[in-house]
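K.L.:
got a sequence here, can you model it:
(3 chains)
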Amino acid sequence: MKKQRLGVGLLSAALLVFGSIAPAQAAGTLTIWVNSGEEAAYKAASADWAATNGVTVNILAKCGLGDCGLSKLGPAGTGPDLFVATHDNTGTLVKSGVVTSLNNVINRSAYPAAAVEGVSFNFGTWGIPISISNIALATNLELVPAGAPKDWETLESTATKLISSGKAEVGIVTHLDGYFLQPFFESIGGYVFSNKNGKYTSTKNVGLYSKDLAKNASLMDKWLAEKLFDKANTYDGSNFNNGKAPFAIVGPWSIAGLDKAGVKYEISGVPSIKGGTARAFSGVSAMYMNRFSKNKFLAKQFLTEVVQSKKFGSAISAANNTYPANIDAAASIDKKSVSGKFGAYGALCLPMPNVAEMGSVWTYWNGAFADWASGKSKFGEAMKLASKNLNSALGN
Amino acid sequence: MQITSRKKVRRWFTKILWRHIVGIIVAIFSLFPLIWMISAAFDVTNQLSTQQLIPVHKGFDNFNALFSNEEKPYLVWVRNSLVVATTAALLQTLLGSAAAYSLSRHKFKGRAITLNAILIVQMFPQLLAATTLFLIVNSLGDTFPLLGLGHQLPLILIFTGAALGVNTWMLKGFFDTIPSDIDEAAKIDGASHAVIFTKIIIPLATPVFVVIFLLSFIGILNEYLISSVILGLDGPKMTLAVGLQQFIYGSYAKNWGPFTAGALLATIPVLTLFMVLQKYLVTGLVAGSSKG
Amino acid sequence: MIGKKRFKRNLQILLVISITILLAVAALKFLQNGSWLFASFAGITAILVARTYWLGGSVHSKYLFPGVILLIFFHIYPAIYSGQVAFTNDSNGHQLSKGQAISAILEDSLIPIEAQSPINYVITIGNSDGKVFAVFEYAGSYWAGNSQSFNKLNRDNLGFSPEGKLLAIKGYQILDESLQSDYSQELQTLSIHVNSKLILSPSDFEYLEAYQPGRIYSEKEDQITDLTTKSLYSPNDNGQMVNSSGDILYPGWKINVGFRNFTSIINNSEVRRPLLAVLLWTFINAILAVFLSFIMGLVLALVFNLAEMKSKRIYRTVFITPLAIPSVLSILVWAGLFQTSNGVINRLFHSDIPWLTDAYWAKLAILLVEVWISFPYMFLITTGAIQAISSEVIEAADIDGASNFQSFTQIKLPLVLRTVGPLLVAAGAMALNNFGIIYLLTGGGPTFSNSNGNAGATDILISYTYKLAFNSQEGNNYGLASALSILNFVLIGFLSIYGLKRIKTMEGMN
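P.N.:
Here you go, the predicted model:
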């Protein structure tokens, strides 16, 4: 008797466990993948809408491995409905066929043209811009009481004077790679792809070793020798925090660290060198829709009513220290605040190319910077080689 | 008296002193990262690179940061890691020894092939199947949410399945050294195979078990790739190895202070465990390999 | 006594029955959800459980069974599944099925017709076939349409409310608003071909949006025609639609490519060149790591195997700390210490060495950390092996007048090697796949300039493969990565078998 009861108990317990955990029929559930660490902000910003519409909004952090199985889960019908990615992935996502065009969803007038351009590819607009981030120049106000330099000559002479007097070890704390040095690179005449008014005109026209750049390349070698850049090429923010460097290239992600270190600083754009422009790349964080989502109507409604609202843009940007893409949300940011100054420079910046070819660009371009920084070759030679390799890789 | 003591001193110099010198050098090498880990954990400036051995700005900020960050709940990570590593390491040891017992004590056709096969198969790096595992667990979860992404059960099963080969192989090596007379005698006394396994073999193999459990435990504690893929990067779901890396994730914003503080706290119990079980280590490791 | 035994036996049977039933239920549930593969896994396991533990399976299988089942499901199956990808072109841009890719190409070519304002529609279910139809007014008539059909409705068959709202349609059931969301999946894929220039497709539950098709697909010819350029696209041998001038329509789809990934390892110089360097370093690294840490462990074991040295236990305890610090954490700390500017190590030695960014220094740094991590293990196993050598053997050698060195090389060393030999082979196999150190310390860098950024001077085969699959800036190439992982598996498997065989013959000689 006892045994039987035990068996029945075991069985029913097992059935209970297996039976009761079958998925509940989800009438209104949206699954959204966001960057790790930003879940709370997204949850808070979509809570009201979820409550009023009786929808479960399931915000999950993306895993860090590749595209986290998105390109496999999507086609298999089990991916998220929406996901956040930076705009430079647009080309790859579109070519893989895993995102849906949002031509009918996006309210273009709510965003700066450059941001919309960033999420557009092959005649379609594929993402809803959320926030914009870019690097900027930070000036240590204790070493440079005059504040952010208005032009390049001031920056260079301030830095070299401080170095020669022993007050500073390096001029500008920065990674020596394409993303961080793009303003300088552009200033001396280089470009990744030809562009006009913030729009790329051709991926066939690579300017890693343009005529102007060839002419001015020796400047980069000079600056490296002058210790304007630190040839160790390890981004050591502490040099800036401890007053051993007057300038640093920083991003929105650096601000918390700067404030914590208690350093007095000012954010500004990078001054241009030869009267040209010194634009950094801006990155647009945007929300994309899975082509194979089973809840497209609901997802569209969420994009229209929540993601494109001013409130949402402000909330997300405030949470991750970036500049809102939504024009109304951006207007409410104090121009004198750190975020406002990042934004002011960002408005002039160039959206990072979003074509799939960008993968090869990073490879060769950053490789050239590394060769130059390590003293393996002069800047001009390094860029010449990179340009040649890149053109052959792209089949130009 | 005097002569012998002088002799003793000389003997001490030639035979012992240099050993101390070697010992101290190797000890410094062994403890080198640990020392800096401690130093960085108490340094509030957060920069491993400007670290002084004795920090200039000392404090508990880094430890406070560990326990006050809701997005990075350190204690939850510790619990997750302990649950996964303990369960999986226990299962690995148990299933491995069951398989080893079978391979060591029972003559059956294909025994050698079975042993070699599970050893070789295990050499396929599970890491490279990460995407596949992700997809499998994802579809398991459609039917049984407990076996789905974000849950620890599938991760435990994955780890258990993956380590059968080496453990079985090591344990079989040891079981082979236990004279079969012992279990023959027990069999004559009417003991079943289960009794022989649990009452005779397992007690004799305690040191090997301890070693295999320890190595499996620390191996799983160290795993972060498959863990991050299966559990996801939600704050309260991560394991210690995955979570702590979030502090120094990305090349542009490194947060060494809380990372080293967390690493230090995680190291202390494991280190203690090793110290306590030290005596098993020497015997256990070698016992596993000797084939008699 | 006997009662107790019987009780236990019955309990066992009950447990086995419960597990069997549990698995059977699981199989049914999987079947219900359409995952027949998992269903058969669960089903077969259920049968095997019953067979092994209940219906008198052999003793050995009872012990092997649980481990092997987990091994098959969570290791072998994923390995085979990942392995078969090696024979496909699975990579970015080739992840959809052909059908999915073609409908994506067509969908993306739709051009919204701005002049046509959205058309209000009613969701209905056809009485005859139970399918969803959108009923709407267009060009003065009422129509019922879905992806397959498009019919004009006779006005006599329609019923309106006084306000002009459509209330009833003969042959169709108007869907209650509360049931709409159940049909959202059908509705979102609905596209009504009104004519060759007009497609209507629901944008939500109320409105149809008007589009002009940009491309059409002919199933018979397996061709896509671009309606604006009149260009014809046909499939190429890589799962893409391409026209005569070489323009490709994206996305492409996944196809089987046979051994192409394997041959590309040999034929494609972009893959081959870095691979040779990577393979070489994979072996050099593994051999040096095992050899150096073994030597260090052995020397230390000999040095501290002195009975009269009381403090040796303290040293031993200190020496095993590297083993006890979770290596994922200690490697990251090492990475911090090795930094070039302001790194602790460079500051200690007042040097300026690019530890992690120069090809040679990075290799040295990796070896240093590898030795640091594994010498304690070597120290422990050699200590154990030396202690296991009976003192009689050594005394006998001493009587023979063997010098210290001779007694070591001729007697102790072979005995030690015999004991730890298999462990060294295992350590070597692990070192060949030592992903963690490489990935966390240098990430495989510095990168070769001729490898598309996927391989670097310190990359070993597994880290190179990992980058190809997950971290590539060129897009993830699962097919090639999978081919390389098969190569890796075969190589390491073969070497391990060979190593173990060698040890067996060595043992045989002794």
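
K.L.:
run through the bridge partners of residue 195.
P.N.:
All of this is about chain A. Note on A:N195: beta-bridge partners by DSSP bridges are A:Y200.

K.L.:
ah, no, chain C please
P.N.:
When bridges are called by DSSP bridges, C:N195 pairs up with C:L198.

K.L.:
count of neighbours near it?
P.N.:
When counting by other C-beta atoms under 10 Å in any protein chain shown, one arrives at 7 neighbours for C:N195. Using the backbone N, CA and C atoms, a C-beta is placed for each residue, glycine as well.

K.L.:
and residue 380, what element?
P.N.:
Since you didn't name a chain, this refers to chain A. For A:G380, the host element (DSSP states H and E) is helix A:379-393.

K.L.:
try chain C instead
P.N.:
Going by DSSP H and E, C:L380 is part of helix C:359-388.

K.L.:
can you show me the strands along the stretch 201-350 of chain C?
P.N.:
C:207-212, C:215-218, C:223-226, C:232-235, C:241-242, C:248-249 (DSSP state E, counting those that start in this stretch).

K.L.:
swap that for the stretch 1-150 of chain A, sorry
P.N.:
Under DSSP E, counting those that start in this stretch, the stretch 1-150 of chain A gives strands at A:29-34, A:56-61, A:82-86, A:120-121, A:124-125, A:127-134, A:136-140.

K.L.:
any chance of these in JSON lines, with mean neighbour count too?
P.N.:
Converted to JSON lines, those look like this (neighbours: other C-beta atoms under 10 Å in any protein chain shown):
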{"stretch": "strand A:29-34", "mean neighbour count": "22"}
{"stretch": "strand A:56-61", "mean neighbour count": "20"}
{"stretch": "strand A:82-86", "mean neighbour count": "24"}
{"stretch": "strand A:120-121", "mean neighbour count": "24"}
{"stretch": "strand A:124-125", "mean neighbour count": "20"}
{"stretch": "strand A:127-134", "mean neighbour count": "28"}
{"stretch": "strand A:136-140", "mean neighbour count": "26"}
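
K.L.:
of all the ones you listed, which lies closest to A:A329?
P.N.:
Closest to A:A329 of the strands of the stretch 1-150 of chain A is strand A:127-134 (C-beta to C-beta; 9.1 Å).

K.L.:
which other helices and strands does that closest one contact?
P.N.:
Helices and strands touching strand A:127-134, by 3 or more C-beta pairs under 8 Å, 6 or more residues apart in numbering or on different chains; DSSP states H and E, are helix A:113-118, strand A:281-289, helix A:310-320, strand A:323-324, helix A:338-346.

K.L.:
pairing partners for that strand, with directions?
P.N.:
Strand pairing for strand A:127-134, using DSSP bridges, gives strand A:281-289 (antiparallel), strand A:323-324 (antiparallel).

K.L.:
what residue spans form the domains of the chain?
P.N.:
Picking chain A for this. A:2-132+A:283-351, A:134-281+A:354-394 (automatic domain parsing).

K.L.:
um, chain C though
P.N.:
Domains of chain C are assigned by automatic domain parsing as C:2-85, C:98-249, C:265-509.

K.L.:
deepest-packed of those, please.
P.N.:
domain C:265-509 (a mean of 19; mean count of other C-beta atoms under 10 Å in any protein chain shown).

K.L.:
pull up the distance across stretch A:118-130, start to finish.
P.N.:
12 Å (C-alpha to C-alpha, to the nearest Å).
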